[in-house]
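Colleague: Provided below for reference: sequence and predicted model.
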Number of protein chains: 2
Amino acid sequence: MQRNLTLSIDAMGGDAAPGVTIDGTAEFLAGRPDAHVLLHGDEALLAPLVAAKPELAGKVTIVHAAEKITSDMKPSQALRRGKGSSMWSAVEAVKDGQADASVSAGNTGALMAISMLVLRKMEGVHRPAMTALWPTLRGRTVVLDVGANVDADAEQLVTFAIMGEAFARATLGVERPSVGLLNIGSEEMKGHEEVREAHDLLRNSPLKMDYRGFIEGDDISGGAVDVVVTDGFTGNVALKTGEGVARMLASRMREAFTSSLSSKMGAALAMSGLKRLKDFMDPSNVNGGVLIGLGGVSVKSHGSADARGFARACELAADLALSDFRTEIATNLARVGTSAPAAE
Amino acid sequence: MQRNLTLSIDAMGGDAAPGVTIDGTAEFLAGRPDAHVLLHGDEALLAPLVAAKPELAGKVTIVHAAEKITSDMKPSQALRRGKGSSMWSAVEAVKDGQADASVSAGNTGALMAISMLVLRKMEGVHRPAMTALWPTLRGRTVVLDVGANVDADAEQLVTFAIMGEAFARATLGVERPSVGLLNIGSEEMKGHEEVREAHDLLRNSPLKMDYRGFIEGDDISGGAVDVVVTDGFTGNVALKTGEGVARMLASRMREAFTSSLSSKMGAALAMSGLKRLKDFMDPSNVNGGVLIGLGGVSVKSHGSADARGFARACELAADLALSDFRTEIATNLARVGTSAPAAE
């Protein structure tokens, strides 16, 4: 069932590019021997690095792009001046049908702007959304929007629910993902008007969605649902707040374990347990934000991800490229867009 | 400088009332021997419990209130039917000048509604805000609003900043608390219109406030500022999301430490370190949400707080009652309300 896949990689994006991107590419290809990779960037720089890895021979094609999008470039600058860059070239290969999906660890705002311009929005999607894969007590939960938009009206929230559901099916392997709407309190009278209206739309929609109603902030990490729908402001604050709490607790944990000799010895003995916890919290295990609602797949890797993290982002891109998630989104959008009035 | 203080306590509110509230009252009084407590509730029930603690003799007066606000009561019901309740009676004692502040561990919505009705809003405050004391890398940060309102316009955010600053001075003991506005991204063009407008108002205000501009979600736990200002929807989601992440990590930590014999031994050895961490994360160490912007002090304790947690809420109420925070708020509100046009 796994057809041949070509991945388009921005070799120059990220804090430690191109070293990490090439190592990550090699790790990805080790797990997907049938895949092919287009590596976009400065050929003079990339060729010797690729040649140094014999396992990449025949699996990687370098696509020369002389320019680079820097991390301090504004989205508007990236759109004006980015055309010869490795990032633009990587996304364009998807648009031109030379690759099935693209991955970049470069400037987030620039990647969003370029992806939006080059791949364009899917029909029926007015506002693409940024997804996050959130670690929970039960596994992972898809949260969207985590920052592509500042706000969202009721219909946009419904679109996010449709996109998130299809995305969860493709990435989490859950056949019928459960969906919740982020709110404060679980009483129906609470919350913004937009949220309450979206709740009514989802509850009465012709979608075959496992919609579970309102959830609260603590339900995200509790793993109450597979997909958490919210506007980009709230989602971004929630994501960063959660990261901050995890970082603070990790730091306090280190302190606690170095506060006395006996706890130092304890920490040494407990190492295997702590290692597991660290793995669980490690962003490179859940790497890959995706701007969904576009005419093609463009995955964002953390700028600071290591080779393993970058490989995870590549795997996510491959899973999405091989799935039917965009067709599913289109079908469901058509269902809410046209069947609702017709059903009256 | 510590004048005689009378605290008004709803003895019947909370999951384990009145046992926990009386134990908590005793713990509070042990630390403040000059204080007096009015204990509101069913006299027949309370009298023997108080008599069983000789250390309470002469320090506690029971105020009989036959009724109780239950945890499932809606705010509107509490307002209609709550008049003979221990909660109402406790708040009313503050209004009548018999007590300096009130504490209840009962139904949050009911307490907010009753406090608002009985104590009324301070002049110049259109929307009181709920505060949280958030544990950070550096100590505690005041976050508001965490749910008293669903949204907030720019002027309300400025009012929250003023109230939060005075509250932080009274509770954290910081002379000149730093204040940040919660947003996504730190570029000035980002975020809601309300947030950008509030930013301009605070930056150009005649307040002598240490306003630090925009902060992001991860800055809360990082302790970047002493006061984090946001609307009630975002603040509530952030607070609950943070609690959820902490709970998930604690649960993963337990798993990690029981996953092997060596890590069990390690955990035993590391106990003192872990105990510290648990203390730090324990809500009873930071208990006490306060609805600020009212004509008197009404503190909410967690419904599930233990005696120590309840005592902390009482201490917070006492600190607030003995501070000048309401005068400071009134002064600053007058400053932004009237001096801004006059200064032109």
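Modeller: Looks like it arrived, so ask away.

Colleague: Can you tell me the SS state at the closest residue to residue A:251 other than its chain neighbours?
Modeller: With sequence-adjacent residues excluded and distances taken as C-beta to C-beta, 6 or more residues apart in numbering or on different chains, residue A:251 is closest to residue B:137, at 6.2 Å. The way it works is simple: take the backbone N, C-alpha and C, and place the C-beta from them, glycine included. When classified by DSSP: H, G, I helix; E, B strand; the rest coil, residue B:137 comes out as coil.

Colleague: Phi first, then psi, for residue B:137.
Modeller: With angles defined as degrees, to the nearest 10, residue B:137 sits at phi -60, psi -30.

Colleague: Give me the neighbour count for it.
Modeller: For residue B:137, the tally of surrounding residues (other C-beta atoms under 10 Å in any protein chain shown) stands at 16.

Colleague: next one: residue A:116
Modeller: Considering only other C-beta under 10 Å, residue A:116 is surrounded by 20 other residues.

Colleague: ok, it touching residue A:292?
Modeller: No - when contacts are counted by C-beta atoms under 8 Å, residue A:116 is not listed as touching residue A:292 (11.6 Å).

Colleague: got any residues that touch both of the two?
Modeller: For the pair residue A:116 and residue A:292, residues contacting each of them under the criterion C-beta atoms under 8 Å, 6 or more residues apart in numbering or on different chains are residue A:128.

Colleague: got a list of what the residue most central in space within chain A touches?
Modeller: Compute the mean C-alpha point of chain A, and by C-alpha atoms, centre = their mean the closest residue is residue A:289, 1.9 Å away. Applying C-beta under 8 Å, 6+ apart, we find residue A:289 in contact with A:108, A:130-132, A:146, A:299-300.

Colleague: Which of those sits closest to residue A:325?
Modeller: Using C-beta to C-beta, residue A:131 is the member of those that sits closest to residue A:325, with 11.1 Å.

Colleague: Which strand or helix spans that closest one?
Modeller: When elements are assigned from DSSP states H and E, residue A:131 belongs to strand A:129-135.

Colleague: Which strands and helices lie in contact with that strand?
Modeller: Under the contact definition 3 or more C-beta pairs under 8 Å, 6 or more residues apart in numbering or on different chains; DSSP states H and E, strand A:129-135 sits against strand A:140-144, helix A:154-172, helix A:217-222, helix A:232-257, strand A:289-292.

Colleague: Make CSV from these and add distance to residue B:166 to it.
Modeller: Shown next, in CSV, are the helices and strands packed on strand A:129-135 (distance: least, C-beta to C-beta, whole Å):
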stretch, distance to residue B:166
strand A:140-144, 35
helix A:154-172, 37
helix A:217-222, 27
helix A:232-257, 24
strand A:289-292, 39
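
Colleague: Export the ones you listed as CSV, with columns for mean pLDDT and distance to residue A:309.
Modeller: As requested, the helices and strands packed on strand A:129-135 are arranged in CSV below (pLDDT from 0 to 100; distance: least, C-beta to C-beta, whole Å):
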stretch, mean pLDDT, distance to residue A:309
strand A:140-144, 94, 15
helix A:154-172, 96, 16
helix A:217-222, 93, 21
helix A:232-257, 84, 15
strand A:289-292, 88, 12
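
Colleague: Residue B:333: which of those is closest?
Modeller: Minimum separation from residue B:333 across these (C-beta to C-beta) falls at helix A:232-257, 26.7 Å.

Colleague: for that closest one, which positions count as buried?
Modeller: Along helix A:232-257, the positions that meet the burial threshold by neighbour count (16 or more other C-beta atoms under 10 Å in any protein chain shown) are A:232-246, A:248-249, A:252-253, A:256-257.

Colleague: Stretch A:307-324 too?
Modeller: A:307-323.

Colleague: and if you look at stretch A:85-101?
Modeller: Neighbour-count burial for stretch A:85-101, counted by 16+ other C-beta under 10 Å, picks out A:85-95, A:99-101.

Colleague: Just the terminal-to-terminal distance for it.
Modeller: Here the two ends of stretch A:85-101 are set 17 Å apart, with distance taken as C-alpha to C-alpha, to the nearest Å.

Colleague: So what's the predicted local confidence for the residue nearest to residue A:251?
Modeller: According to the predicted model, the pLDDT of residue B:137 comes to 86.

Colleague: list the contacts for it?
Modeller: Under the contact definition (C-beta under 8 Å, 6+ apart), the residues listed for residue B:137 are A:248, A:251-252, B:221-223.

Colleague: Can you give me the domain boundaries for chain A?
Modeller: Split into domains by automatic domain parsing, chain A comes to A:6-125+A:293-328, A:129-283.

Colleague: Save those domains as CSV, and put in distance to residue B:192 too.
Modeller: Conversion of those to CSV gives the following (distance: least, C-beta to C-beta, whole Å):
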stretch, distance to residue B:192
domain A:6-125+A:293-328, 18
domain A:129-283, 6
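
Colleague: any idea which of those scores lowest on pLDDT?
Modeller: Comparing mean pLDDT across the domains of chain A, the lowest value falls on domain A:129-283: a mean of 85.

Colleague: which residues in chain A form strands?
Modeller: Counting by DSSP state E, the segments of chain A that form strands are A:6-10, A:36-41, A:60-64, A:101-104, A:129-135, A:140-144, A:178-182, A:210-215, A:227-229, A:289-292, A:297-300.

Colleague: Redo those strands as JSON lines? Include distance to residue B:205.
Modeller: Below are the strands of chain A laid out as JSON lines (distance: least, C-beta to C-beta, whole Å):
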{"stretch": "strand A:6-10", "distance to residue B:205": "44"}
{"stretch": "strand A:36-41", "distance to residue B:205": "49"}
{"stretch": "strand A:60-64", "distance to residue B:205": "54"}
{"stretch": "strand A:101-104", "distance to residue B:205": "42"}
{"stretch": "strand A:129-135", "distance to residue B:205": "34"}
{"stretch": "strand A:140-144", "distance to residue B:205": "35"}
{"stretch": "strand A:178-182", "distance to residue B:205": "32"}
{"stretch": "strand A:210-215", "distance to residue B:205": "37"}
{"stretch": "strand A:227-229", "distance to residue B:205": "37"}
{"stretch": "strand A:289-292", "distance to residue B:205": "37"}
{"stretch": "strand A:297-300", "distance to residue B:205": "38"}
